[in-house]
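Participant: Sequence first, predicted coordinates after that:
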Amino acid sequence: QLPVVSVVRDAESQLLPDVGAVVTCKVCSINSRFAKVHILYVGSTPLKSTFRGTIRGEDIGATEKDKVEVYKSFRPGDIVLAKVVSFPLLPGGPTGTLGVQMVPISWCEMQCPRTHTKDFRKVARVQPQFLQT
């Protein structure tokens, strides 16, 4: 008879920002193209650990996106209410909307093997000596 060990997670620690979620962020740094932020809240729920995010210049203004000057919109220390519009690529390669690793189909496109949707990506030519066998 062995003892039983249970692992219980706090439900709040599972909370993740999702596309479409409204988040409260603190601006950490800015440059000419984007502002780096720490996500502190998802909706009205505080996160136990912060997530990093980026507010791109083209996502700041609704019109004349190429003329937005990030430093005129944000300063480090600002608290910002924002909506999550996308996620960065995950380690291991680009993933499709279903979380499935995409496959290269040309030097500039990748495709989700489940939905067959295509997305533009820079695809490097893999040299044989770097392939794992």
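Facilitator: All right, it came through fine.
Participant: Which stretches in this protein count as strands?
Facilitator: Taking DSSP state E as the criterion, the chain carries its strands at 22-30, 34-42, 45-56, 79-83, 103-104, 109-111, 118-120.
Participant: as a whole number, average confidence for stretch 24-33?
Facilitator: For stretch 24-33, mean pLDDT is 91.
Participant: Buried residues, it. List them.
Facilitator: Thr24, Cys25, Val27, Ile30 (16 or more other CB atoms under 10 Å). (C-beta placed from N, C-alpha, C; glycine too.)
Participant: returning to what we had before: could I get the strands of the chain as JSON lines with distance to Pro3?
Facilitator: Converted to JSON lines, the strands of the chain look like this (distance: least, CB to CB, whole Å):
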{"stretch": "strand 22-30", "distance to Pro3": "42"}
{"stretch": "strand 34-42", "distance to Pro3": "37"}
{"stretch": "strand 45-56", "distance to Pro3": "29"}
{"stretch": "strand 79-83", "distance to Pro3": "47"}
{"stretch": "strand 103-104", "distance to Pro3": "46"}
{"stretch": "strand 109-111", "distance to Pro3": "48"}
{"stretch": "strand 118-120", "distance to Pro3": "50"}
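Participant: To Val4, which of the ones you listed lies closest?
Facilitator: With CB to CB as the measure, strand 45-56 is the member of the strands of the chain nearest Val4 (27.0 Å).
Participant: gap between the nearest residue to Leu81 once chain neighbours are set aside and Met110?
Facilitator: Take Leu81 and drop its neighbours on the chain: the residue closest to it by CB to CB, 6 or more residues apart in numbering is Thr24, 5.8 Å away. Applying CB to CB, to the nearest Å, the value for Thr24 to Met110 is 33 Å.
Participant: Equivalent analysis for Ile55, please.
Facilitator: Taken as CB to CB, the span from Ile55 to Met110 is 25 Å.
Participant: This protein - how does it break down into domains?
Facilitator: Using the TED database, the domains assigned to the chain come out as 21-84, 101-132.
Participant: wait, which of the strands of the chain is closest to Tyr71?
Facilitator: Judging the strands of the chain by CB to CB, what sits closest to Tyr71 is strand 22-30, at 5.7 Å.
Participant: Perfect, I'm done here.
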